[in-house]
Every structure is written in C-alpha cells, then in structure tokens.
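Asks: Build me a structure from this.
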Amino acid sequence: MNHWLVKSEPFKYSWDKFNQEGRTFWDGVRNYQARNNLRGMQVGDLVLWYHSNEGKEIVGIARVVKEAYQDPTTDDKNWVVVDLEPVQNLKKAVTLEQIKADERLKDIGLVRQGRLSVMSVTREEFDRILELAGE
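Replies: Coordinates of the predicted model:
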C-alpha cells in the first residue's frame, strides 16, 4: 500500500463536503508530476486530505476506490482522475506549522514542494502525521 496527500482549498471543496457526498473523483489536476502521482495510486491506498490556503492543515484520511481514468472535465487525454472515499476525520487537525516544526517531517513533499496538489508520502511520514493528530 502507498500513501498520498492531496490538497484542496476548503472554499472550493472541503473535507466536510467530501464526507457529505461520500465519494468524489479528484479532478482539475493540470501539473504533470501531480498527474503522474494520480496514475500511481492504487485501490486501497490511503490519502491525507490537506486544506490549503484556508486552514493549512491535514484534516482527514481518504482511500482510493478507483484507479486513474480519463478526467471527465476535459477532452485532453493527458489528464486523469481517481475516485476517493472518506475513511476518517483526524482527532486533531495537523497544521502546516506543526509539520514544518517537526524534524521527522523535514523532507515531506508538503514542505519541499508546497505547490504540488497530489504527492506521495512515506509510511513513516503518514504515521507521524497520525501521531501528531492523536490517532
């Protein structure tokens, strides 16, 4: 199993809205590295949900339920989506400030490649985020 992090601006698509809907496809990715990360996702992979711009915090865990397929919001065959479903809310949101201050997370993509909207995280990084969240 692989671990990932996706970023969403809460005013566009929040964790709460995702939980209400119960499932979504992750669309709108127009960066090749992020697209390649979507292509690497497999059913069952766990995904950290990060609220960008407002909040700047990881708020929940999702799961990949359908692997990469053509992005239905464009005819351009270069772009793909995956389907995600919510798994759980974090007990405590983990802020970007906490992540930057944590020596064990100094190499996480969220810090190194802050503008990338879909990124892999290591199992160790994933587990550390859960520790910080009180899970």
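Asks: Select the longest strand from this structure.
Replies: If you go by DSSP state E, the chain has its longest strand at strand 80-95.
Asks: Extract the CA atoms of the helix or strand following that one and return them as PDB.
Replies: Next along the chain after strand 80-95, taking DSSP states H and E as the criterion, comes helix 96-101. The C-alpha coordinates for helix 96-101 follow below in PDB (Å, rounded to 0.1, in the frame of the first residue of the first chain):
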ATOM      1  CA  LEU A  96       1.500  23.200   8.300                       C
ATOM      2  CA  GLU A  97       3.200  25.000  11.100                       C
ATOM      3  CA  GLN A  98       3.400  21.700  13.200                       C
ATOM      4  CA  ILE A  99       4.700  19.800  10.100                       C
ATOM      5  CA  LYS A 100       7.400  22.400   9.400                       C
ATOM      6  CA  ALA A 101       8.500  22.300  13.100                       C
END
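Asks: Would you mark the buried spots in whatever helix or strand comes next after helix 96-101?
Replies: Counting by DSSP H and E, the next helix or strand C-terminal to helix 96-101 is helix 109-112. By neighbour count on 16 or more other C-beta atoms under 10 Å, the buried set for helix 109-112 is 109-110. C-beta here means a position set from N, CA and C on the backbone, and glycine is covered the same way.
Asks: ok now the lowest-mean-pLDDT helix or strand in the chain, how far from the chain's centre?
Replies: Sorting the helices and strands of the chain by mean pLDDT, DSSP states H and E puts helix 109-112 at the bottom, at a mean of 92. Relative to the centre of its chain, helix 109-112 is centred 12 Å away, using C-alpha atoms, centre = their mean, to the nearest Å.
Asks: With just CA atoms, put the strand or helix carrying residue 49 into CSV.
Replies: Assigned by DSSP H and E, residue 49 belongs to strand 46-51. Output of strand 46-51 as CSV, limited to C-alpha atoms (Å, rounded to 0.1, in the frame of the first residue of the first chain):
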residue,chain,number,x,y,z
LEU,A,46,-4.6,5.9,1.9
VAL,A,47,-4.7,9.6,1.3
LEU,A,48,-4.2,12.5,3.7
TRP,A,49,-6.6,15.4,3.0
TYR,A,50,-5.0,18.8,3.3
HIS,A,51,-6.9,22.1,3.4
